[in-house]
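Enquirer: What shape does this take:
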Amino acid sequence: MCKDEKLTNNVHSSGADDALNLTPLRRMPLEDAREYIGDDDELVEITPSSIRLRKKVLEPGMRK
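Expert: Numbers count the residues shown, from 1 in each chain. Have a look, this model is predicted:
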């Protein structure tokens, strides 16, 4: 008869990552990004490598 191995916090179930569903990136040119934002609290952030949509105020507590 063998002793059961004690489970600790460092042991994760193998199926835990199966439930994680991320939406794929939506690639759009600058003109489409400007049309996509609707509210005055959103911005189009342009860098040399990417175009991103983001909120003007990043702290969730201040947005409410």
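Enquirer: Can you tell me the number of residues neighbouring residue 33?
Expert: 19 (other CB atoms under 10 Å). Yep, even glycine has a C-beta here, placed from its N, CA and C like the rest.
Enquirer: how about the closest residue to it other than its chain neighbours, secondary structure?
Expert: Of all residues not flanking residue 33 in the chain, residue 44 sits nearest, at 4.8 Å (CB to CB, 6 or more residues apart in numbering). Under DSSP: H, G, I helix; E, B strand; the rest coil, residue 44 falls in the strand class.
Enquirer: so what's residue 44 up against?
Expert: By CB atoms under 8 Å, 6 or more residues apart in numbering, the contact list for residue 44 reads 30, 33-34, 37, 51-53.
Enquirer: Repeat that for residue 29.
Expert: Taking CB under 8 Å, 6+ apart as the test, what residue 29 contacts is residue 51.
Enquirer: And it, its phi and psi?
Expert: For residue 29, the backbone dihedrals are phi -70, psi 170 (criterion: degrees, to the nearest 10).
Enquirer: Look up the pLDDT of the most centrally placed residue in the chain for me, please.
Expert: Centroid-nearest residue in the chain, with CA atoms, centre = their mean: residue 22, separated by 7.5 Å. Confidence at residue 22, expressed as pLDDT, is 81.
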